[in-house]
Each structure stands twice: as C-alpha cells, then as structure tokens.
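>>> here's a sequence, model it:
(2 chains)
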Amino acid sequence: DQQVKQNSPSLSVQEGRISILNCDYTNSMFDYFLWYKKYPAEGPTFLISISSIKDKNEDGRFTVFLNKSAKHLSLHIVPSQPGDSAVYFCAASPMGNTNAGKSTFGDGTTLTVKP
Amino acid sequence: NAGVMQNPRHLVRRRGQEARLRCSPMKGHSHVYWYRQLPEEGLKFMVYLQKENIIDESGMPKERFSAEFPKEGPSILRIQQVVRGDSAAYFCASSPGPGTYNEQFFGPGTRLTVL
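The predicted model follows:
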C-alpha cells in the first residue's frame, strides 16, 4: 500500500509557464511534507517543505500548497526554466520525535521544461 | 563544508558476493538514513540509525541486509550473498538531530550492479 502517491510520472511544460506537480497521501499521521529535486546520477536535494499547520509556503519561484482535508499537496514552479528539468519527489514525515526523520517518498514526477 | 559522502559510487558484484556501502554524514549530523531506489521507482526507506543505535529498520529485508553506524567512522550498509534483484541505487541521507523536522541531506548514491 503506497502511502505517498505521485500519479503523474511525467510532465512537460514550456519555459516561462507554470509547472504544477501533484502529490497525494493516505496516512493521517503525516504532518510534515517535503519536495526534493533529483538530477540524473545525483542524490536528491531538498527544495521546499510545509508543516501541516500551514496551507501554503513560498520560496522564490517555488510554492507548495497543502490541502489537509483532501490529503493533497502540490508544488508550483513559476516561471518554469529549463534548469528545472529533473525528477521531483514528494515526501512525508509522521508526527513524533522518534519518527521525525523518517520520510516516505513518492515515486517521483519527471519534469521537462522546453525552451 | 563537505556534504554527505558515499563510496564507492559504483559497485559491481557477482551473485553470492558481499557488498559494503559506506556513508559519511555531513559534519555535525548524527542521524543517518538509507534508501534504495530500484529502476523506475521512488526511494524506499530502509533503515534509520543514530550513532551506535538502529532506530528504525522497518524497511530492511529480513535476511542478508544489515546496517551499522559506529561511534567512529562511516555508516555501513552490508548486503551478504547478493542477488540480481539487489541491483539498485542506494542513497544515504543525514540530518542534524532528533525531534526536529529537518530536511535530509542526501549523498550522491552508490549504484550496485549484481552480475
């Protein structure tokens, strides 16, 4: 049973447009959500996060939205740039100090931004 | 300010041999996580360690796999009697401490190929 799902394996957008990457989760114990970006042959790098007490967090061109009732979050990138082309992973962490570090990852969405 | 180091970057083993993967966390980080990424899949949590302690090994296969994070030296993920299905990218991540919702910092991964 996959607890974090990224239903779109790939997404292609034009440079300058908005990219919207979606993520759904099933476990109500998750209360902290993260997005990571991964280039080929490299490890994932942290992009942005959001706590369950918020519904929006913004950092430059990146904004994460959280809808707790729908158990859904999304990452918006605007404007999209060719350098944003990568695999994006959604991750979720549960409540509790002992579990704070353990993240459950989705399978990723490959974003391609065309010049 | 070195990041998370993993070695080797590439490891080739024949069926039945042992594989040892090493991970040095970022300076000041005392928490280490190991993930496995099979082709076309996301990162799957394997084990969460602190110095000299295994905190959560719920993602580790019951046989042939073990992990340690000694007081001195890197964390080691050990796979005994490797099989072809063990071929994957193994990522190590580290974070600063307990009870905080810190993002994880990933190493570049070790790509294990079992012939």
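>>> make it CA atoms for all contacts and neighbour counts henceforth
Will do.
>>> for A:Asp55, grab phi and psi.
The phi/psi pair for A:Asp55 (degrees, to the nearest 10) reads phi -120, psi 0.
>>> right, and it touches A:Lys71 too?
No: assessed by C-alpha atoms under 8 Å, A:Asp55 is found out of contact with A:Lys71, at 11.4 Å.
>>> which ones are touching B:Val82?
B:Arg13, B:Arg14, B:Arg15, B:Gly16, B:Gln17, B:Glu18, B:Ala19, B:Arg64, B:Val114 (C-alpha atoms under 8 Å, 6 or more residues apart in numbering or on different chains).
>>> then A:Asn27?
Here A:Asn27 is in contact with A:Gln3 (C-alpha under 8 Å, 6+ apart).
>>> so it sits in a helix?
No: secondary structure of A:Asn27 (DSSP: H, G, I helix; E, B strand; the rest coil): coil, not part of a helix.
>>> from chain B, how far out is it?
Distance, A:Asn27 to chain B, using C-alpha to the nearest C-alpha, to the nearest Å: 16 Å.
>>> check A:Ser93 too.
Distance from A:Ser93 to chain B, counting by C-alpha to the nearest C-alpha: 8 Å.
>>> who is that residue paired with across the strands?
Per DSSP bridges, residues listed as beta-bridge partners of A:Ser93: A:Tyr32.
>>> B:Val47 now?
Applying DSSP bridges, one finds that B:Val47 bridges with B:Trp34.
>>> show me the contacts for it.
Here B:Val47 is in contact with B:Tyr33, B:Trp34, B:Tyr35, B:Ile54, B:Ile55, B:Asp56, B:Glu57, B:Ser58, B:Gly59, B:Met60, B:Ala67 (criterion: C-alpha under 8 Å, 6+ apart).
>>> cutoff 6 Å now
Residues in contact with B:Val47 (C-alpha atoms under 6 Å, 6 or more residues apart in numbering or on different chains) are B:Tyr33, B:Trp34, B:Asp56, B:Glu57, B:Gly59.
>>> just how off-centre is the lowest-mean-pLDDT helix or strand in chain A within its chain?
The helix or strand with the lowest mean pLDDT-type score in chain A, counting by mean pLDDT, DSSP states H and E, is strand A:104-105 (a mean of 90). Distance of strand A:104-105 from the chain centroid (C-alpha atoms, centre = their mean, to the nearest Å) equals 11 Å.
>>> list the helices and strands it packs on?
Here strand A:104-105 touches strand A:86-94, going by 3 or more C-alpha pairs under 6 Å, 6 or more residues apart in numbering or on different chains; DSSP states H and E.
>>> where in chain B is pLDDT low?
B:1, B:98-102 (pLDDT under 70).
>>> which parts of it are helices?
In chain B, no segments count as helices under DSSP state H.
>>> who does A:Leu73 bridge with?
Residues in beta-bridge contact with A:Leu73 (DSSP bridges): A:Cys23, A:Leu66.
>>> can you pull the contacts of it?
For A:Leu73, counting by C-alpha under 6 Å, 6+ apart, the contacting residues are A:Cys23, A:Phe65, A:Leu66.
>>> mind checking how far the residue nearest the centre of chain B is from chain A?
Nearest to the mean C-alpha position of chain B, by C-alpha atoms, centre = their mean, lies B:Trp34 at 3.5 Å. Per C-alpha to the nearest C-alpha, B:Trp34 is found 10 Å from chain A.
>>> any idea how many residues pack against A:Ser93?
Neighbours of A:Ser93 under the rule other C-alpha atoms under 10 Å in any protein chain shown: 22.
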